[in-house]
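Novice: Starting from these lines, generate the structure:
(2 chains)
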2 protein chains.
Amino acid sequence: MNQIKFKSNVVILCDGAFPEHPIPLSYLKNAEQIICCDAAADKLIEHGMTPAYIVGDMDSVSEKTKSDFADRIVSSTDQETNDQTKAVDFVSKRGFKSVVILGATGKREDHTIGNISLLLDYASKLDVVSISNSGYFQPVLKSQKFDSFKGQQVSIFSIGNPTPVTSQNLKYPLNNTTLNSWWMGTLNECLSNTFSLEFSNGRFIVFQKFDV
Amino acid sequence: MNQIKFKSNVVILCDGAFPEHPIPLSYLKNAEQIICCDAAADKLIEHGMTPAYIVGDMDSVSEKTKSDFADRIVSSTDQETNDQTKAVDFVSKRGFKSVVILGATGKREDHTIGNISLLLDYASKLDVVSISNSGYFQPVLKSQKFDSFKGQQVSIFSIGNPTPVTSQNLKYPLNNTTLNSWWMGTLNECLSNTFSLEFSNGRFIVFQKFDV
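Specialist: Numbering: from 1, shown residues only, chains lettered A, B, ... in the order given. Got it, this is the predicted structure:
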């Protein structure tokens, strides 16, 4: 019960830690199209795969890759958005309704934190999940039930004005709890094969750790 | 102008990514006492250094280390606090007024995020900074000026109810800005050798990236 049920034909590969865990690797290998953020294209090519497009401000990708894939470069120097957001906008404008983001974490921690929170901004455009080498993050804008497994490590983060939230099937129950700091919803654990969160008008990021 | 001016004789080494960058390594090597969180002791010993104490729930440190350093083990299975907090409490109770935390990031992202936010909870007890391999995080509970350098990458995170904040000397000025999501204060840049933040009744984490 380790696998994520999320389905998407398109993967965005950011330039953080390259996928190593079998789950993000399987999304990468099975993607119909891999959209690379800037220098992530170099890493993808090193791993024997081919970018469908290379999106971003092109300040870090190699000259060789730029030349070899000149027809696939989507360059934008807009300073208001980072490369992950540029890639999501590109995917969304091409009509895709879901996307998996890989490699968004694992380098500068402020990039990691920023990239995770941006999922909430993308959620109005498409279904999105960000998968790291330890687990996966999803944006949560309404009460919902989550596929899980007994013993799964779960962390819940409230973004913006913290909203009271109530949980079902978590080891440390949230009971109209306001998560006033980032650590307050961390290190929880699912008691069954699903858990749920209930709240009004809140914005949350939920992390579910891989089994192994 | 890359060095942090923070001074402390005591270092807490968490069990995340081991220090590799010269700045956290120099804090580690110059510490009078290194307090290790659980299995971080094994890594410290592998690197030829010796823990003064080993604090935590002792569910991951090796049996050999437990046996070799039996007189330095401070075991606590309290489920309400993580090992980083147990180590800070231990240091604080021994009368120290400042501490440097290393290795708090770089593994599970939810641990990273939780550990960073906990700095605000420690700030009433002692002066604290958390130094990773990319930069350093500090808790900010009142308006203040920060030592920096021209071009330093800076990210500012509002914790809990977002409070309006105004900046001086940042490339993308905050002007009574409410940071409603984690990404909103990221990827800023210092314009001089200091910058400052002004606000009332807020709780912020400030990240300053190393020069190289």
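
Novice: In terms of helices and strands, where is the residue positioned nearest the centre of chain A?
Specialist: The centre of chain A sits closest to A:Ser130, judged by Cα atoms, centre = their mean, with a distance of 1.4 Å. Taking DSSP states H and E as the criterion, A:Ser130 maps to strand A:127-131.

Novice: Identify the residues contacting that strand?
Specialist: Applying Cβ atoms under 8 Å, 6 or more residues apart in numbering or on different chains, the contact partners of strand A:127-131 are A:4, A:6, A:8, A:19, A:23-24, A:27, A:88, A:97-102, A:104-105, A:115-116, A:119, A:122, A:136-139. All C-beta spots, glycine's among them, are computed from the backbone N, C-alpha and C.

Novice: Whichever of those end up buried, select them in PyMOL.
Specialist: Here is the PyMOL command that selects the buried residues among the contacts of strand A:127-131 (16 or more other Cβ atoms under 10 Å in any protein chain shown):
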select buried, chain A and resi 4+6+8+19+23+24+27+88+99+100+101+102+104+105+115+116+119+122+136+137+138+139
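
Novice: quick one: the residue lying farthest from the centre of chain A from A:Asp59, how far?
Specialist: Within chain A, A:Ser67 marks the point farthest from the mean C-alpha position, 29.2 Å out by Cα atoms, centre = their mean. Distance, A:Ser67 to A:Asp59, by Cβ to Cβ, to the nearest Å: 16 Å.

Novice: For chain A, what lies in contact range of chain B?
Specialist: Within chain A, the positions near chain B by Cβ under 8 Å from any Cβ of the partner chain are A:82, A:105-118, A:120-121, A:132, A:134-135, A:137, A:153, A:155, A:157, A:159-162, A:180-183, A:186-187, A:203, A:207, A:209.

Novice: Which ones among those map onto strands?
Specialist: Of the positions in the residues of chain A next to chain B, A:Gly135, A:Phe137, A:Gln153, A:Ser155, A:Phe157, A:Phe207, A:Lys209 sit in strands, assigned by DSSP state E.

Novice: Now render these as JSON lines, adding pLDDT.
Specialist: Shown next, in JSON lines, are those (pLDDT from 0 to 100):
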{"residue": "A:Gly135", "pLDDT": "97"}
{"residue": "A:Phe137", "pLDDT": "98"}
{"residue": "A:Gln153", "pLDDT": "97"}
{"residue": "A:Ser155", "pLDDT": "98"}
{"residue": "A:Phe157", "pLDDT": "98"}
{"residue": "A:Phe207", "pLDDT": "98"}
{"residue": "A:Lys209", "pLDDT": "97"}
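
Novice: Centre of the chain to stretch A:172-192, how far?
Specialist: 20 Å (Cα atoms, centre = their mean, to the nearest Å).

Novice: I'd like to check what contacts that stretch. Which residues are they?
Specialist: Against stretch A:172-192 from outside (Cβ under 8 Å, 6+ apart): A:146, A:148-158, A:162-167, A:169-171, A:197, B:82, B:110-111, B:113-118, B:120-121, B:159-161, B:203.
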